[in-house]
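1. What would the 3D arrangement of this be:
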Amino acid sequence: MKYWLMKNEPDAFSIDDLATVKIEPWDGIRNYQARNFMRDDMSIGDKAFFYHSSCKVPGIVGLMEIASEAYADHTAFDPNEHYYDPKSKPDNPTWIMVDVKFISKLDNPIALQALRQYPQLSGMRLLQKGNRLSITPVEKKHWDFIYAL
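-> Numbers count the residues shown, from 1 in each chain. Okay, the predicted model is just below:
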């Protein structure tokens, strides 16, 4: 099993939205490295932290599970979609997505500022200077430490 941190802006899709629908495609990823993580490394059953980004208090707000193998992100093919990419074709998709399944919402979200206070999390990709990826792997030692919080 692998562990992940997946960011989303809560005004676009939040942990509460996932709690309501239970399973949702994680679409709109338009970064090659994040795409490669989904395509090459994610597996059904992997666990992920749901992270709210670009908000007043960014941080980890819930837990989810990878619920599908990677498949073509259909939003890339529709010119009416925000994430349309005319270069991506159904027979040779550039962009992919996975389905995620709600596990739980944290009673007390763990703010980015709080995560930065723990020396046990040094080296965590989220906390590295300049990291802006929407999907990052999480080492088991970091997952276990955060999960225990």
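
2. C-alpha only now, for contacts and for neighbours.
-> Will do.

3. what does stretch 28-36 contact?
-> With C-alpha atoms under 8 Å, 6 or more residues apart in numbering as the test, stretch 28-36 has contacts from Asp73, Thr75, Ala76, Tyr83, Trp95, Ile96, Met97, Leu133, Ser134, Ile135, Thr136.

4. Strands along the protein, start to end?
-> 3-8, 23-26, 47-52, 59-66, 71-72, 96-111, 135-137 (DSSP state E).

5. Can you tell me the strand partners of the first one and which way each runs?
-> Spelled out, it's strand 3-8. Partners of strand 3-8 in the sheet, by DSSP bridges, are strand 47-52 (parallel), strand 135-137 (antiparallel).

6. can you check the second one too?
-> Looking at strand 23-26 with DSSP bridges, its partner strands are strand 96-111 (antiparallel).

7. Which residue is most remote from the mean position of the protein?
-> Asp91 (25.5 Å; C-alpha atoms, centre = their mean).

8. From Ala19, how far off is Lys143?
-> Rather than Lys, residue 143 is Trp. 21 Å (C-alpha to C-alpha, to the nearest Å).

9. Mind checking which of those two has more residues around it?
-> Using other C-alpha atoms under 10 Å as the criterion, Trp143 and Ala19 rank with Trp143 on top: 20 against 17.

10. contacting residues for the more buried one?
-> Counted by C-alpha under 8 Å, 6+ apart, Trp143 has contacts Tyr3.
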